[in-house]
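Engineer: Quick one, what's the 3D model for this:
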Amino acid sequence: MGVPNTLEGAAMTFIKPDIHLGDGRRENEIVYSINNLELARSDGAAYRLCIERLSIRQGEKIAITGRSGSGKSTALDILGMVLRPDSANSFLLHVADEAVDLAEAWRQKRVDYLADLRRTYIGYILQTGGLLPFLTVEENMSLTAQLGGMSAVETKKTVNSLAEMLGIQRLLASRPATLSVGERQRVAIGRAIAARPRIILADEPTAALDPCNASIVMSMLVEAADTVGSTLILVTHDSGFADEFSLRAVPIAIHENSAGAVTATVHDKEER
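Structural biologist: Model prediction:
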């Protein structure tokens with residue numbers, strides 16, 4: 001891949017895993033293109049999320065920022081094809097040299113098709129790791145690669161390389177209950193990366209960590225995304241992360257009217 005053998009990160013050295021893509025992804029290609037997308041809900045107080053404009057390119061690292069309750073996770077779930085928007089002028093996912101109209105797929109209720117897209121192109125990292133407690137670390141990390149059709153031999157090679165990079169080789173036979181919070185998040189990163197996804201979505205991946213471990217895990221996540229050429233989109237209430245890790249910040253602006261109804265607006269100010 002023409003990259004150095006080591007990466008200097010927070011408080012440790014990262015080993016670049018021997019992972020090759022070969023799927024034709026090219027940096028700076030558009031991945032997501034959204035115009036005037038809306039989702040409303042009324043669960044106690046009226047809330048509306050409006051993504052007026054958002055354009056994300058292959059290989060970018062994005063931080064969607066906003067206060068607690070602003071709709072960051074909602075925006076991430078829309079990008080992950082988990083939540084159906086109420087309306088959208090345009091909601092396109094660009095993969096395999098074609099633009100997939102996600103708004104139309106939702107209108108046609110093609111949920112199986114959307115699930116296939118999600119499984120093929122997206123890796124997801126939850127706040128608490130979301131590891132399966134009855135599987136070992138190695139089995140958790142292998143799961144996404146195997147579901148993506150990777151051979152057993154290639155899966156083992158990939159998992160071992162990522163475990164070395166993330167400093168969790170000694171934990172491969174352990175189960176999640178025996179791990180620290182930081183170790184579980186490293187495993188979650190490995191699981192998301194193992195299938196070499198085009199897109200990594202991370203929902204407050206360091207929220208449960210102390211500042212030192214948060215920086216270490218974030219460094220690992222950014223470097224891992226670089227390694228496999230993935231677009232990284234995370235949400236965080238800590239806008240300082242964007243500057244610290246050179247992420248492009250996309251803030252969510254909040255407006256609350258006198259009746260308590262909240263409108264959260266995403267407007268990508270950069271010309272793409």
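
Engineer: what about the helices in the stretch 101-250 of the chain?
Structural biologist: For the stretch 101-250 of the chain, the helices defined by DSSP state H, counting those that start in this stretch occupy 102-107, 111-121, 137-147, 152-166, 181-194, 211-228, 240-244.

Engineer: Could you export these as TSV, including mean pLDDT, mean neighbour count and distance to residue 90?
Structural biologist: The C-beta positions use only the backbone N, C-alpha and C, and glycine is treated the same way. Compiled in TSV, the helices of the stretch 101-250 of the chain are given as follows (pLDDT from 0 to 100; neighbours: other Cβ atoms under 10 Å; distance: least, Cβ to Cβ, whole Å):
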stretch	mean pLDDT	mean neighbour count	distance to residue 90
helix 102-107	95	18	7
helix 111-121	93	15	17
helix 137-147	91	21	29
helix 152-166	91	19	35
helix 181-194	89	25	27
helix 211-228	85	20	26
helix 240-244	85	15	26
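
Engineer: low-scoring pLDDT stretches of the chain, where are they?
Structural biologist: Of all residues in the chain, those with pLDDT under 70 make up the ranges 1-28, 42-45, 270-272.

Engineer: Tell me which residues touch the residue nearest the centre of it, please.
Structural biologist: Nearest residue to the geometric centre of the chain (Cα atoms, centre = their mean): residue 201, 1.3 Å. Residues in contact with residue 201 (Cβ atoms under 8 Å, 6 or more residues apart in numbering) are 76, 79-80, 122-125, 233-234.

Engineer: One more pass at 7 Å, please.
Structural biologist: 76, 79-80, 122, 124, 233 (Cβ atoms under 7 Å, 6 or more residues apart in numbering).

Engineer: Looking at neighbours, which among those residues is most surrounded?
Structural biologist: Using other Cβ atoms under 10 Å as the neighbour criterion, residue 233 leads these with 28 neighbours.

Engineer: Name the secondary structure element that contains the closest residue to that residue other than its chain neighbours.
Structural biologist: Nearest residue to residue 233, sequence neighbours excluded (Cβ to Cβ, 6 or more residues apart in numbering): residue 62, at 4.6 Å. Taking DSSP states H and E as the criterion, residue 62 maps to strand 61-65.

Engineer: which other helices and strands contact the following helix or strand past that strand?
Structural biologist: Sequence-wise, the next helix or strand downstream of strand 61-65 (DSSP H and E) is helix 72-79. Identification of packing neighbours for helix 72-79 by 3 or more Cβ pairs under 7 Å, 6 or more residues apart in numbering; DSSP states H and E yields strand 30-42, strand 46-57, strand 61-65, strand 199-203, strand 231-236.

Engineer: Kindly recompute the last result at 6 Å.
Structural biologist: If you count contacts as 3 or more Cβ pairs under 6 Å, 6 or more residues apart in numbering; DSSP states H and E, helix 72-79 packs onto strand 199-203.

Engineer: The strand it packs on pairs with which strands, and in what direction?
Structural biologist: Strand 199-203 sits in its sheet next to strand 122-125 (parallel), strand 231-236 (parallel), going by DSSP bridges.

Engineer: Select, out of those, the one closest to residue 183.
Structural biologist: Closest approach to residue 183 among the strands paired with strand 199-203 (Cβ to Cβ): strand 122-125, 14.1 Å.

Engineer: Can you give the contact residues for that closest one?
Structural biologist: 80, 188, 192, 197, 199-202, 205 (Cβ atoms under 6 Å, 6 or more residues apart in numbering).

Engineer: any chance of those in TSV, plus distance to residue 110?
Structural biologist: Listed next are the contacts of strand 122-125 as TSV, based on distance: Cβ to Cβ, whole Å:
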residue	distance to residue 110
80	16
188	29
192	24
197	21
199	19
200	24
201	20
202	26
205	30
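
Engineer: related to what we said a few turns ago, okay, the strands paired with strand 199-203, which one's buried deepest?
Structural biologist: The highest average neighbour count among the strands paired with strand 199-203, using mean count of other Cβ atoms under 10 Å, belongs to strand 231-236 at a mean of 26.

Engineer: Only the C-alpha atoms, please, for that strand, written as CSV.
Structural biologist: In CSV, the C-alpha atoms belonging to strand 231-236 read as follows (Å, rounded to 0.1, in the frame of the first residue of the first chain):
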residue,chain,number,x,y,z
THR,A,231,-14.6,7.5,5.2
LEU,A,232,-15.0,8.2,8.9
ILE,A,233,-18.1,9.9,10.3
LEU,A,234,-18.5,10.2,14.0
VAL,A,235,-20.7,12.2,16.3
THR,A,236,-19.5,13.9,19.5
